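> this is the structure alone, sequence omitted:
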């Protein structure tokens, strides 16, 4: 439950997405929401103090005479993305479908047949 609350806050679902979705739905008569997943990386470099080695083992004591070490780390952030879509940005094909599920079922047939393939 805590992870869900974190994602709701991170995507600004309550403050930005839902008000825009409600306005779009009231005006256009249709509610469209895009949900995706976003990955981003950061390359971080930071200095660390060199540690004194005692009998070949590293200790917790900093070596005042040694130069600082540079350490690199790649930090990956993953988060959901949520956007309210305008009615003009959404098309459901084939147009003869009665619902999105029906369009997906018909789309599987369409892609597997010769009609759905482009020559080239």
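Nice, I can see it. Computed from a predicted model, the values in this text were never measured in an experiment.
> shouldn't residue 51 be in contact with residue 63?
Yes. With contacts counted by CB atoms under 8 Å, residue 51 reaches residue 63, the gap being 6.2 Å. C-betas here are computed from N, CA, C, even on glycine.
> model confidence over stretch 92-104, on average?
The predicted model assigns stretch 92-104 a mean pLDDT of 84.
> show me what counts as buried in that stretch.
Neighbour-count burial for stretch 92-104, with 16 or more other CB atoms under 10 Å as criterion, is recorded at residue 103.
> now stretch 62-78
Within stretch 62-78, judged by 16+ other CB under 10 Å, no residue is buried.
> now what about that stretch, what contacts it?
37-52 (CB atoms under 8 Å, 6 or more residues apart in numbering).
> ok, 7 Å please
Residues outside stretch 62-78 that contact it (CB atoms under 7 Å, 6 or more residues apart in numbering): 37, 39-52.
> how about stretch 9-20?
8, 79, 80, 81, 82, 83, 84.
> could you give the bridge partners of the fourth one?
In this case it means residue 81. For residue 81, the beta-bridge partners under DSSP bridges are residue 36.
> against residue 39, how distant is it?
11 Å (CB to CB, to the nearest Å).
> looking at these two, which is more packed in?
A direct count of neighbours by other CB atoms under 10 Å for residue 81 and residue 39 places residue 81 higher, at 12 against 8.
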